[in-house]
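In: The following block contains a protein sequence and its predicted model.
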Amino acid sequence: MSDDGAAPLRIGIDGYNLALPQGTGVATYGRNLAAAVRSLGYPIDLVFGVTIPRKADAALRESLFFGQLGADAPARLSLRRKLRRWRVHPLAHELIAVPVTGRALAADGADRLPAFDRLYNLSEIFDVCARHFRRYGRFMTLRMPDPPAIMHWTYPLPLRLAGARNLYTLHDLVPLRLPGASLEDKRYYDMLVRACVARADQIVTVSERSRDDIIALLDADPARVTNCYQSSDMPALRDPAALPDRLRRLFDLDMRGYFLFFGAIEPKKNLGRVIQAYLEADVATPLVIVGKEAWHAERELKLLGAAHGRRLPGAERIRRIDYVPRALLTDLLHGARAALFPALYEGFGLPALEALAAGVPLLSSTTGALPEINGAAALAVDPYDMDAMVAAIRRLDGDAALRAELAAAGPARAAHFSQAAFADRIGQLYRQVATR
């Protein structure tokens, strides 16, 4: 029961990104949102679109769900699955309960799920809803028994849950603000986010920069757009005294002996210019790049390839690591001399927050939400200014006093975006929406 004697609000959260095997920044947002809701004492319903047969026996659904959670999509769809996606009807779709009794032992998939009270699923719903929206021009309606008071969709999805207040998080409008740096169908995306703004009980976003963009570009009612910021769930550093030894044994790296870039390799992260600036800076400190290849990754990495039959001078000091679990990424971050994240445009910039929280000097940018998140705790440059970026890398490499100043300022700045602060903002919003 809440302080006023009322039953606590039940909150629904979608599993759109939580099901991804390697996760994303939005998956981190989903986990943090669930942790915030749990800390408020509210029950949680999770809604997934994992492929399990609709008519599967209830006792078997748990094993089928966790067996498919995070599985890669098949390269080719079966005729039955193609028909299922094509023959989407305009009526409400019933979610299917997945009883969780503990018969499926916790493994990688189960560990990715936040704590929850009820689990519901409908096969491929996150793919099917897009076809529904294109065909009928309206959101697909889902139904479930005893729906939560609030359904919080962590991404712009053309879905609504009947009987709940539906909230949608729009993290940024990068496809519209920086259209050359994203893969989305711009016409569809514009139609979708405008529909979210029109249909939502509330739009949630993660920075004042994104809130301003949503209001200006989508003509949203300012009273219906709330910035709650977000937090990080970077795990605590394991045995700090042993970190230098772990770095040496696992990665052949020296403590404070390398620069680190981490994040998806895609145009908006600006890695191509980071690599060019690093090579021009001609510093001896290696650059380590951690991240999976996304859209146009080959364009961002082209300077690492052979030019005229030979590698560029200094390219041998750049090391790539495709993907590491969060615990190992924590090790790499805490051991870095500095983190490099001069992104072209971010609605929030989670890697920047994680570097600040770890007390790692940060090279950031002057665009998007990054100045708002970093404050004065980062060295910021125009992400298009190559000379400024070269000079900044040289300063971070050679100026120990600057590194110490930034390392000290980072955790204090990151405290503004703590999990407790995020939970407080989310709780206030839910109570306002529920009583409206």
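Out: Structure received.
In: Now do the strands in the stretch 101-250 of the chain.
Out: Under the criterion DSSP state E, counting those that start in this stretch, the stretch 101-250 of the chain contains strands at 118-121, 140-143, 150-153, 159-161, 165-169, 202-205, 225-227.
In: Listing partners with orientation, what would you give for the fourth one?
Out: Using DSSP bridges, strand 159-161 pairs in its sheet with strand 140-143 (parallel).
In: I'd like the distance between the closest residue to residue 266 other than its chain neighbours and residue 355.
Out: Counting by Cβ to Cβ, 6 or more residues apart in numbering, the nearest residue to residue 266 once its immediate chain neighbours are dropped is residue 294, at 4.0 Å. Every C-beta, even on glycine, is put in place using the N, C-alpha and C of the backbone. Here the criterion is Cβ to Cβ, to the nearest Å. By it, residue 294 lies 20 Å from residue 355.
In: re earlier: please verify my assumption that the residue nearest to residue 266 contacts residue 271.
Out: No: using Cβ atoms under 8 Å, residue 294 is not in contact with residue 271; the gap is 10.4 Å.
In: the domain parsing of this structure - what is it?
Out: Each structural domain of the chain that the record assigns through automatic domain parsing is listed here as a residue range: 11-231+419-434, 240-417.
In: related to what we said a few turns ago, between residue 294 and residue 271, who's got more neighbours?
Out: residue 271 (25 against 17; other Cβ atoms under 10 Å).
In: residues touching that one, list them.
Out: The contact partners of residue 271, taken as Cβ atoms under 8 Å, 6 or more residues apart in numbering, are 261, 265, 289, 300-301.
In: Could you do residue 355 as well?
Out: Applying Cβ under 8 Å, 6+ apart, one finds that residue 355 lies in contact with 333, 339, 341, 361-362, 410.
In: any low-confidence regions in the stretch 301-436 of the chain?
Out: Within the stretch 301-436 of the chain, the stretches with pLDDT under 70 are 306-310.
In: Next: the stretch 1-150 of the chain.
Out: The low-confidence ranges in the stretch 1-150 of the chain, as defined by pLDDT under 70, are 1-6, 20-23, 70-87, 106-112.
In: And the helices in it?
Out: Assigned by DSSP state H, counting those that start in this stretch, the helices in the stretch 1-150 of the chain fall at 25-39, 58-68, 79-86, 108-112, 125-136.
In: How are the strands of the stretch 301-436 of the chain distributed by residue range?
Out: Counting by DSSP E, counting those that start in this stretch, the segments of the stretch 301-436 of the chain that form strands are 318-321, 338-340, 362-365, 379-381.
In: Off-centre distance for the second one?
Out: Remark: strand 338-340 is offset 19 Å from the chain centroid, using Cα atoms, centre = their mean, to the nearest Å.
In: cool, stretch 226-243 as well?
Out: Stretch 226-243 sits 14 Å away from the centroid of its parent chain (Cα atoms, centre = their mean).
In: And residue 351, how far from residue 134?
Out: Distance of residue 351 to residue 134, given as Cβ to Cβ: 33 Å.
In: repeat for residue 260
Out: Distance from residue 260 to residue 134, by Cβ to Cβ: 41 Å.
In: what's the answer for residue 11, then?
Out: Using Cβ to Cβ, residue 11 is found at 29 Å from residue 134.
In: okay, those two: which has more neighbours?
Out: When residue 11 is set against residue 134 and neighbours are counted by other Cβ under 10 Å, the residue ahead is residue 11, at 27 against 14.
In: right, and that one touches residue 430 too?
Out: Yes: using Cβ under 8 Å, residue 11 is in contact with residue 430, at 6.8 Å.
In: Which residues are in contact with each of these two?
Out: Residues touching both residue 11 and residue 430 comprise 42, 149-150, with contact defined as Cβ under 8 Å, 6+ apart.
In: In these, which residue is surrounded by the most others?
Out: Using other Cβ under 10 Å as the neighbour test, the shared contacts of residue 11 and residue 430 are led by residue 150, with 24 neighbours.
In: number of nearby residues for the residue lying closest to it once chain neighbours are set aside?
Out: Counting by Cβ to Cβ, 6+ apart, residue 165 is the residue found nearest to residue 150 once chain neighbours are left out, at 4.9 Å. For residue 165, the tally of surrounding residues (other Cβ under 10 Å) stands at 20.
In: Next up, the contacts around residue 165.
Out: For residue 165, the contact set (Cβ under 8 Å, 6+ apart) comprises 149-151, 201-202, 433-434, 436.
In: list the contacts for the residue nearest to residue 125 when sequence neighbours are not counted?
Out: Excluding the flanking residues, the one nearest residue 125 by Cβ to Cβ, 6+ apart is residue 49, at 3.9 Å. Residues counted as contacts of residue 49 (Cβ under 8 Å, 6+ apart) are 15-16, 19, 121-128.
In: Repeat that for residue 425.
Out: 228-229.
In: Could you measure from it over to residue 226?
Out: Here the criterion is Cβ to Cβ. By it, residue 425 lies 8 Å from residue 226.
In: Also residue 372?
Out: Plainly put, residue 372 is 16 Å away from residue 226 if you go by Cβ to Cβ.
In: More neighbours: which of those two?
Out: When neighbours are counted by other Cβ under 10 Å, residue 372 and residue 226 differ, and residue 226 comes out ahead with 19 against 16.
In: Quick check, pLDDT for the residue nearest to residue 150.
Out: The predicted structure scores residue 165 at 98 on the pLDDT scale.
In: Likewise for the one 3 residues further on?
Out: Listed pLDDT for residue 168 reads 98.
In: So it is in contact with residue 159, correct?
Out: No: using Cβ under 8 Å, residue 168 is not in contact with residue 159; the gap is 9.3 Å.
In: So for those two, which residues contact both of them?
Out: The overlap between the contact sets of residue 168 and residue 159 (Cβ under 8 Å, 6+ apart) consists of residue 153.
In: Format the strands of the stretch 101-250 of the chain as TSV; extra columns: distance to residue 248.
Out: Supplementary listing: the strands of the stretch 101-250 of the chain in TSV, determined by distance: least, Cβ to Cβ, whole Å:
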stretch	distance to residue 248
strand 118-121	42
strand 140-143	51
strand 150-153	43
strand 159-161	48
strand 165-169	40
strand 202-205	42
strand 225-227	42
